[in-house]
Structure formats: structure tokens, C-alpha cells
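A.B. asks: Need coordinates for the below:
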Amino acid sequence: MSSIRWMIACSIIALATVFNATAAEAGAEYTAQKLQELIKQLGDENYDSRKNAEKELTKVGAKAKDALTAAAASPDAQVKATAKRLLGRLKFSTLGAINYFDVFPQETFVAARLTNIADTLLKGEATFLAKFINAKHFDPLRQKLQEEMENKPEEKKLFDLWSGRFRGQAAAGMWEFNFVAENGIKAAVIAEITDGDPVTVYNDVLALANEPGEKLSHNDVEITEMPMQRGTFALAGNHLILATNTDAIKVVIDALGNAAPKGLNQEPSFVKAKASLGARSDAVVTVNIGAILTTFGMMMPPGSDDVLATSGIKDIKMMVYNTAISGESFEDRFVALMDGQVKGFRLAGQIPPDAPAPLEAFATVPANAVGAQTGYMDGSKLSGALKDYVEALKKIGDAKNEAMGQPASPDIAVVITQLEAATGVKFDDVLANMKGTVAYWVVLGPPPSVVAPDIGAMVTCVDAEKAKATAATLAAAVNKGTGKAAIKEVAWKTRTIYQLDIATLNPTMPKQFPYTQPCFVADGNRVYIGSSSQSLQKHLNNVDAKAPGLLTNPDFVKAMGTLKPDERRGQIGYIDLKSLATLGGIIGLPLLTAQAPDEGFKEFLGTLPAPAELFKDMPPLIFSSNDRGDRQEMIIRAPLPPLPALYAAIFAGVMLKQNAMMMPPP
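C.D. replies: The predicted structure is shown next:
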């Protein structure tokens, strides 16, 4: 968001505050006689006069309650109906603080809530992202944007109008999905109108629907139902409600007026999961996996139940995501509440015992790594769980093949036996050797060079003999299995490096492919993998020198300091966004300058500082994933808003793991 928008938002907040204060003072001027005049005006023959009286009485608020109560018994049908409707609005406008998760039923299977939009915008001014955008070197660009906005007064007016109307709480939820039943899809959105005239806002929202709706009433709230069940609208106090149908909107209205909430906030699994979200919250998303599987289970192919069970998904009861602005960064927390202990192939061999702490594995990661992840692996457990998962997948495939009259796929046990016979390796024995911390990393070349990054990995084995045997066995297995001398032994210092020549396996490999000779080596009880002999030898020199690696990187140390000791036990990831952004600037800015749409923009780009200076204060992205017995918790801290932070973390994790998988397994 540009500083212009920040200023607009702040101006709206200030103006709304003044407006509300003025309205409150005006309420004192409404005497009993004035109120009676307005009540009488509700039955006026002139439509504008009636609507003006409604608007005035709405502004008066609680002070008009007695007069409206008396008017609800008026012999004038128009006055009586309007008074009842205004009493309903008044009832909902004096509810006090409300958590919108209380208005959705406990069976809601997906919901999202923004805590307070204005407060979030205000806190956002302290983030790195806001400070970066508001830096002086972007003044010319902001000036240009402001000029463009001034040239579009109607668009600016609409932006100013609508951005000031909804600055409070907002939420959405779905609690029923049956597309074959009438009104079988029940979902709703509710938003707090912070404008001083919610009735006008509501009428403007209805106008945007651009269709005449049928007027209904429920619990003193007027409901507007769109034709052909295209949705329903309602205004309860200053709460705007949009729902899929009348049945759904009635649920929200009733819950909103209930003094003792029994909604989603009281759902047992959600209550338990919330304990891991931390004290701060700007947005929350919750997904009831159990309810979703029950709802959509009938649509899944045969055999899906086994896949869900062996993957661990079936054991997840509730997933909750929480994001909060914390100083200069955004903090995202993910919680997967399990039905019992964490299970499934994705986690079976990755949960460390109480003693090992994968943080120390960062000492084996180069100090200049731009991306790294450490964790724990138990090869035997991981192998067993993965086999079960593959067998479950096979059942789905076999059911599909049978329906299409095709033969079943080979049994996984048979495939493994054939591979073991061809390679002379018992895979379970090799995997049993691997137990302990693991690490993956990526190192960029020195700027401004744009070369393929070095990729490395480390796997801990039970002991030094197991590590040595694992490396030698797998090298021999590749050569025997392929029938080619694809892996060669290279003596280096006191070690034997196993170097794979990709061209031997694939003579058509492009010459420019950067990773033609990946290699691995046993060192103590660990096996190191490198994308080239040069990168691996450089890393081994650091190991010999007992260099503490990434643990000496100031940005890394500072970022790790934001994690509590018990948050550093599981899998930990680090992405040096400053270096990546600098590299992106080195590559992208010249291209952007060459393709600049006008000379003014090109001139502006020429005034920007060098990328290294531009991004010098950008903090890294870190993430931590931990097992808590019946739950998995993941924390992401980044200078980016939540979704980019999530995408970056997923991309980094996938990239590191896929690159590691491209190397020969240790």
C-alpha cells in the first residue's frame, strides 16, 4: 500500500471519529417533543419525509427506544411497521463487543475472520514493508500516483467512500454443503459498518446488487432476498450480513442476537487449537478437516480412505491459521490438531526425540546460504510409513484400472524386490542407517554474477561405520543397476568422494546443464551431498576448519532469537530475502529500465540506489515446525504479508527438498 493510501485511511479514521462524536452530541438535542414529531413523520405520505425520519431516529440510537416502543403499538400501520423495524436495528446496534466466530454454528467447517481492519492498517505502518515503500527514494513515484488519482476524481471519491465504511471486524463461514438439496449450501459473510450512517451504506450495498429483492422479516431484522435464491442481505444494527439463502441468514441473525454465544468459538477442537495461536491476531482462518471429509467423502474415489489414513490427513481434526503484525514482520501460525499422536508418512520419520535439537545442524550449513532447512529423519520409520502410503495409492489406481478393464499395477513389494535384485542393495538396511539431523541449503554466487547456485545437503547416520557403508553401498548400487560406471571414486585428502557423471547415464544431457557432476561423501557419522565437486570440497574445508557456518550469520542469529527454545526443536527453515531481493534487483532493474513505458519512469528508476543499498534492511524469512504430541505447529515470520510469506516458505521448502532429491541418496 502506498503512503497515499495510508494517509487516506488515517484521514478517514480521523473524520469518522469526529463524525461519531458530533452525532453523539446531536443525540442530546432530541427532546421528547422532537422524537414524537419524528415518530409522526414515519407515517407521512411523502416517501422522502418518511425516510428522513427513519434516518434521524437511527442516529438518535438508544434514546429513541421508549418512543419507538410506544410507536410499535400505533394504529397507523406504516408507523407501526417502521417502528418495529427500527427497534430491531436498535437492539442489534447496542450489542457491545462481538466476536464474529460466535455467529457461525459449531459445525462450521471453514471460516475466516479479520479482527479489526483499521487497527491492522495502523500496526502495518511499523512493518519493514511499509517503511520500504515510504522511503524517500520512492517520493517521485508516489507523487506520480497521487497525480493520477487526482486525475480520476470519481474513482478517488469511491475509494475514499468505501474504504471508510468497513474498518472494523469482518468474517465469512460455511457450515453446510449439499448441492442437490434446496438451500443445502449455507454460508455467510458479516462485516462491521464503521460509517456513522449504516442504513445508507446498506442501501448502497443493495443498489450494487442491481436487482429488486423481496422483503422479509426475522427476529426484528429486515431481510432482502434476491430473486432465484441469488443470495440474501440484512442489516442488524451496524452489522452487514450477506448469506447464500434465507435459512443461512436466519442462523446468523439469531446467533448475533444471542446473549450467550454457542458458536464456532466454543467448538471443542477449535478451542483446543486456539491455545497455540499466541496472544495477537489480525486474521484467523479455521478448517474443520473432519467435517469436510464427512461432507465430501462420498465424492472421493474408492480407496481414498486408506490414502487419507496413511498420509495422516484423516487424523487431523482441525486446522487453524493465525496471522499478526509483530513489529517489522508478519507472524503466521499454523496449527493442525490431531486425533491422538501425529501420524502419517509426512511426519512419521521427521519427529525428533527429546534430546536432538536440529538448530545445531545449521553449523554444517555455509554462512552465506540464501536458503536452508534443518530437521530430523528416522529412515526406518519413514520407509515403513511411505510403503503404507504407496500401497494405499495403489488401491485407488487398481480400482480405477478395474473399472476400465485394465490390469492392476505391480505390487510395491514386488517392485522393491526386483530393484534390490538388480542393485544388490537392501533398501530397508540402507534407510535404517539414517537416523538424526538433516539439512539442505542453497548458496548463490557472489553478486553481480548470475550463475547456477550451489546446492548441498547433509544426512546423519547411526555412526561413522554406517555412514561410510551407506555411501559406498549406494555408489556400487547405482553402477550395478545401470550397468555403467556412472559413479567414480575420487580420492580427496583423507576421504573418498563419490562423483556421479550425469552424461554417462544420459548422453543427451544439454552441455549447459549446471549440475552434471553431483557428488557425495561420508565424513564421520554424516553424509554430505554437493551439486559439484568444487562446492562439496569447499564445504568439507569448512567442516575441517570447524567453521560454525550459518550460526555466525548476524541476520540468521537475530531471526532465530525470535523463536522460543521449544520452537527450535523440529524443522527450521531460513530464507535470506535480502540477498534474493538484491539479486532480483541486479537482474530486474536493468530490464525494467529498458522496458520503461515512458522517460519519466525510466528517469525515476535511474535515481534508485543500488539494489544492495535498497534492500539492506530487509529481514529474513524464518519458519519452524514442531510436534506437540496431538498437534503440529508451524510458525512463519517474514517482512512480507501473510500469503506471500506462505508462498515463499512453501517454494523454499519444495525447492530445497527437490534439489536434495536430485542428488544420489546417501
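
A.B. asks: Count the neighbours of residue 323 for me.
C.D. replies: Neighbourhood size, residue 323 [other Cβ atoms under 10 Å]: 26. (Glycine included, C-beta is placed from N, CA and C.)

A.B. asks: That one is in what secondary structure piece?
C.D. replies: strand 316-326 (DSSP states H and E).

A.B. asks: chain center to that strand, what's the gap?
C.D. replies: Its chain's C-alpha centre and that of strand 316-326 lie 8 Å apart, by Cα atoms, centre = their mean, to the nearest Å.

A.B. asks: Then stretch 164-176?
C.D. replies: On Cα atoms, centre = their mean, the centre of stretch 164-176 falls 18 Å from that of its chain.

A.B. asks: What of stretch 545-559?
C.D. replies: Using Cα atoms, centre = their mean, the offset of stretch 545-559 from its chain centre is 28 Å.

A.B. asks: ok, now stretch 591-601?
C.D. replies: Counting by Cα atoms, centre = their mean, stretch 591-601 comes out at 34 Å from the chain centroid.

A.B. asks: List the buried residues of it.
C.D. replies: Neighbour-count burial for stretch 591-601 flags residue 601 (criterion: 16 or more other Cβ atoms under 10 Å).

A.B. asks: Contacts for that stretch next, please.
C.D. replies: 144, 602, 605, 606 (Cβ atoms under 8 Å, 6 or more residues apart in numbering).

A.B. asks: how about it as PDB, C-alpha atoms only?
C.D. replies: Output of stretch 591-601 as PDB, limited to C-alpha atoms (Å, rounded to 0.1, in the frame of the first residue of the first chain):
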ATOM      1  CA  LEU A 591      15.400  -5.000 -17.700                       C
ATOM      2  CA  LEU A 592      12.700  -2.800 -16.200                       C
ATOM      3  CA  THR A 593      14.600   0.300 -17.200                       C
ATOM      4  CA  ALA A 594      15.000  -0.900 -20.800                       C
ATOM      5  CA  GLN A 595      11.200  -1.600 -21.000                       C
ATOM      6  CA  ALA A 596      10.100   1.600 -19.100                       C
ATOM      7  CA  PRO A 597       6.800   2.900 -20.600                       C
ATOM      8  CA  ASP A 598       7.900   6.500 -20.500                       C
ATOM      9  CA  GLU A 599      11.000   8.600 -20.000                       C
ATOM     10  CA  GLY A 600       9.700   9.900 -16.600                       C
ATOM     11  CA  PHE A 601       9.600   6.400 -15.200                       C
END
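
A.B. asks: residue contacts, the residue of the chain most remote from its centre?
C.D. replies: What lies farthest from the middle of the chain is residue 75; by Cα atoms, centre = their mean that is 56.7 Å. If you count contacts by Cβ under 8 Å, 6+ apart, residue 75 has none.

A.B. asks: and it, what pLDDT?
C.D. replies: Per-residue confidence (pLDDT) for residue 75: 85.

A.B. asks: what's the answer for the one 10 residues further on, then?
C.D. replies: Residue 85 is assigned a pLDDT of 76 by the prediction.

A.B. asks: how about the nearest residue to it, chain neighbours excluded?
C.D. replies: Sequence neighbours aside, residue 222 is the residue nearest to residue 85 in space, at 5.5 Å (criterion: Cβ to Cβ, 6 or more residues apart in numbering).

A.B. asks: Please report how far that neighbour lies from residue 234.
C.D. replies: Distance, residue 222 to residue 234, by Cβ to Cβ, to the nearest Å: 7 Å.

A.B. asks: Who has more neighbours out of these two?
C.D. replies: residue 234 (29 against 18).

A.B. asks: Same question for the more buried one, what's its three-state structure.
C.D. replies: strand (DSSP: H, G, I helix; E, B strand; the rest coil).

A.B. asks: Can you list the buried residues in the helix or strand harbouring residue 391?
C.D. replies: Assigned by DSSP H and E, residue 391 falls within helix 379-403. In terms of neighbour count (16+ other Cβ under 10 Å), helix 379-403 has its buried residues at 379-389, 392-396, 398.
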